[in-house]
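Peer 1: got a predicted structure plus its sequence, pasted below:
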Amino acid sequence: MFGLGMQELLVILVIVIVLFGATRLPEIGKGVGQAIRNFKKGVNEPEEIDVTPKKEAKKEEVEKKEKEGG
């Protein structure tokens, strides 16, 4: 698990408890869990890509073609 042994994990846990206090640990755990869940959801869902051209792009293409054509 990330190359961390039991002793390192215990030291990290003690530091977290000292920094945030035991009363805030459930809130922090809940937030971390939601973040991981949202990250996994974002990775697993395909992105919806908008492929419709913008009006400005169409105008530029038309003007460019008009200049080239005559």
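Peer 2: Looks like it arrived, so ask away. Just so we're clear, the structure is a prediction, and the values are computed from it rather than from any experiment.

Peer 1: show the average pLDDT along the longest helix along the chain.
Peer 2: Counting by DSSP state H, the longest helix found in the chain is helix 25-44. For helix 25-44, mean pLDDT rounds to 90.

Peer 1: chain center to that helix: distance?
Peer 2: Relative to its parent chain, helix 25-44 has a centroid offset of 11 Å by C-alpha atoms, centre = their mean, to the nearest Å.

Peer 1: stretch 4-22 too?
Peer 2: The chain centroid and the centroid of stretch 4-22 are separated by 26 Å under C-alpha atoms, centre = their mean.

Peer 1: what is the rounded mean pLDDT of it?
Peer 2: Stretch 4-22 comes out with an average pLDDT of 89.

Peer 1: close enough to count as contact, residue 17 and residue 23?
Peer 2: No: applying C-beta atoms under 8 Å as the test, residue 17 and residue 23 come out as separate, 10.2 Å apart. (C-beta placed from N, C-alpha, C; glycine too.)

Peer 1: who has more neighbours out of those two?
Peer 2: Per other C-beta atoms under 10 Å, whichever of residue 17 and residue 23 has more neighbours is residue 17, with 12 against 7.
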